[in-house]
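> Sequence first, then the predicted structure:
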Amino acid sequence: MITIINYGSGNIRAIGNIYERLKIPYKIAEHPDEVKGAEKIILPGVGAFDETVYMLDKSGFRSVLDHEVLVNKVPVLGICVGMQILAKKSEEGELSGLGWINGEVKKIDKTLLLQSPKLPHLGWNSIERTKNSTLFNGIDDEDGFYFLHSYYFECEDDQDILSKTFYGKSFASAVNANNIFGVQFHPEKSHNNGVQLLQNFAKL
Amino acid sequence: MLRSRIIPCLLVHKKGLVKTVEFKDPRYVGDPINAVKIFNEKEVDELIVLDIDATVEGRGPDFTLIKNLAVECRMPFCYGGGVTTVEEARKIINLGAEKVALSAAAINNFDLIKKIGEAVGVQSIVVVLDVRKKGFLGGYELFTHNGKRSAGIKIKDFVKKLDEVGVGEIVINSIDRDGKLNGYDMDLISMIRELTEVPITVLGGAGSFDDIKKVISKYKIIGVSAGSLFVFKGKYRAVLISYPNKQEKKELYQLT
């Protein structure tokens, strides 16, 4: 059973639709109590860092998530802003992220991009794996995934980088430390690669 | 490497899909949900769906339609038509659309862009510019209400303002080229490209994959959208949904 955390983020329905088609059971947790005993957790994300963290705190999800992920070691996947809130902080906002993976979210440096378009980083881009993980089983790296973001995750420890993608410079398009995973792209909107990745996560 | 996006644009009129010529004479081409199912199979990069009745009829977005589309779409999709409030935009994003397109409402009330940006993230906002070439003096004019009403503002000033706010994308829709299959208006694209750093998507005029290739070759990373090209086949415009396959796409991306 996949538990998708609902703190008012936009892409929940799209993720649920894919699990429905895959006939993988999932539920959408509206309340912190529904996260207790979760087997797999997804942190969706569309929007801004502070708004996402604020909703997470306001709805009371933070402490139960900390417990399930850090103490019970439940596998968790953060998507887009859901990945960025795994960091301690972000240049986009003032609030404190979950801090589960060491790093900071920074704005993509426009000056590295030689021609327009510059921001956001929008469209289909390839990935390059930097360590082995079953999360990427059966993924076509060249086809890659759909991206839409202006900020990126800068890891303190290179070992936490799962894949890199180039836009102006090489940045972490996926991160992983132990049971904690994050992807900057949108698997829920990335055709076969995305479906495969969400299926892989369910099988972890 | 980041790739250009090749994007079918679907127009909704009286709950059916239509294709127009110069924004007129809507011809029925099929059912929206069916079309999305076919585009799923073809793994299109993105989809734009525009309700061309909403603003003209003075009503809001059709949320039932948006919900049904969002459930079906396995690719990012952008919805536009009749959005005039923050609440409507939020609802569209919450239903599962990646982006919400604004046109008339954004032109008439620039503050709306900022307010919607605060609610759903400014990168999820797409602004559609319906543009017509001016007769004698040259230059371009901005329109709303399906090309019926002049917006009464200068395109360059407006695009500059959009650039400052940093919207997610600007769609440039050439009214003169709509349904004509005679290629994109490259002068128009160049003019807008120089005015802004945000992603742009061009629409209007595509009659062949070559037309798409020309745009990608010149502008490298760009959104290339088309209606007729992806829904009609042959001289008599029989309805047949098509889209470049993986190999054809690779050739389109080959920069010359």
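Perfect, thanks for sending it.
> Tell me where chain A has strands.
Here chain A has its strands, by DSSP state E, at A:2-5, A:26-29, A:40-43, A:76-79, A:89-90, A:103-107, A:121-125, A:128-129, A:145-149, A:151-155, A:161-167, A:169-177, A:180-183.
> Nearest approach to chain B belongs to which of these?
Counting by C-beta to the nearest C-beta, chain B lies closest to strand A:121-125 out of the strands of chain A; the figure is 4.6 Å. Every residue, glycine included, has its C-beta placed from N, CA and C.
> can you list the residues that contact the closest one?
A:108, A:143-150, A:165-167, A:173, A:185, A:190, B:1-5, B:45, B:123, B:168-169, B:199, B:221, B:223 (C-beta atoms under 8 Å, 6 or more residues apart in numbering or on different chains).
> what about the chain, any weak spots by pLDDT?
No chain in the question, so chain A it is. For chain A, the stretches with pLDDT under 70 are A:9-10.
> meant chain B actually
B:255-256.
> What residues does chain A have near chain B?
Within reach of chain B by C-beta under 8 Å from any C-beta of the partner chain, chain A has these residues: A:8, A:10-11, A:13-14, A:17-18, A:46-48, A:110, A:115-126, A:146-150, A:166-167, A:186, A:189, A:191-192, A:194-195.
> Swap in 6 Å and give it another go.
Within chain A, the residues that sit near chain B (C-beta under 6 Å from any C-beta of the partner chain) are A:10, A:13-14, A:17, A:47-48, A:116-118, A:120, A:122-125, A:146, A:189, A:191.
> Could you list the contact residues of chain B toward chain A?
Residues of chain B lying near chain A (C-beta under 6 Å from any C-beta): B:2-3, B:5, B:43, B:45, B:71, B:74-76, B:93-94, B:96, B:121, B:123, B:168, B:197, B:199, B:221.
> go with 8 Å
B:1-5, B:43, B:45-46, B:70-71, B:73-76, B:93-98, B:120-121, B:123-124, B:166, B:168-169, B:193, B:196-200, B:220-223.
> Take these and keep only those in helices.
Among these, the residues falling in helices (DSSP state H) are B:A70, B:V71, B:I93, B:N94, B:V120, B:R193.
> could those be laid out in JSON lines, adding neighbour count and distance to A:M1?
Listed next are those as JSON lines, based on neighbours: other C-beta atoms under 10 Å in any protein chain shown; distance: C-beta to C-beta, whole Å:
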{"residue": "B:A70", "neighbour count": "23", "distance to A:M1": "23"}
{"residue": "B:V71", "neighbour count": "16", "distance to A:M1": "21"}
{"residue": "B:I93", "neighbour count": "25", "distance to A:M1": "26"}
{"residue": "B:N94", "neighbour count": "18", "distance to A:M1": "23"}
{"residue": "B:V120", "neighbour count": "26", "distance to A:M1": "29"}
{"residue": "B:R193", "neighbour count": "19", "distance to A:M1": "48"}
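> Among those residues, list the two that are farthest apart in space.
The most widely separated members of these are B:V71 and B:R193, with 35.2 Å between them, by C-beta to C-beta.
> tell me the contacts of the closest residue to A:R129 other than its chain neighbours?
The shortest distance from A:R129 to any non-neighbouring residue, by C-beta to C-beta, 6 or more residues apart in numbering or on different chains, is to A:S163 (5.0 Å). A:S163 is in contact with A:I127, A:E128, A:R129, A:T130, A:F136, A:D141, A:A172, A:S173, A:A174, counting by C-beta under 8 Å, 6+ apart.
> For the stretch 101-250 of chain B, just list every one of the strands.
B:125-133, B:140-144, B:149-150, B:169-174, B:200-203, B:223-226, B:232-233, B:238-239 (DSSP state E, counting those that start in this stretch).
> Export the ones you listed to TSV and append columns for mean neighbour count.
Shown next, in TSV, are these (neighbours: other C-beta atoms under 10 Å in any protein chain shown):
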stretch	mean neighbour count
strand B:125-133	24
strand B:140-144	20
strand B:149-150	14
strand B:169-174	25
strand B:200-203	25
strand B:223-226	25
strand B:232-233	17
strand B:238-239	12
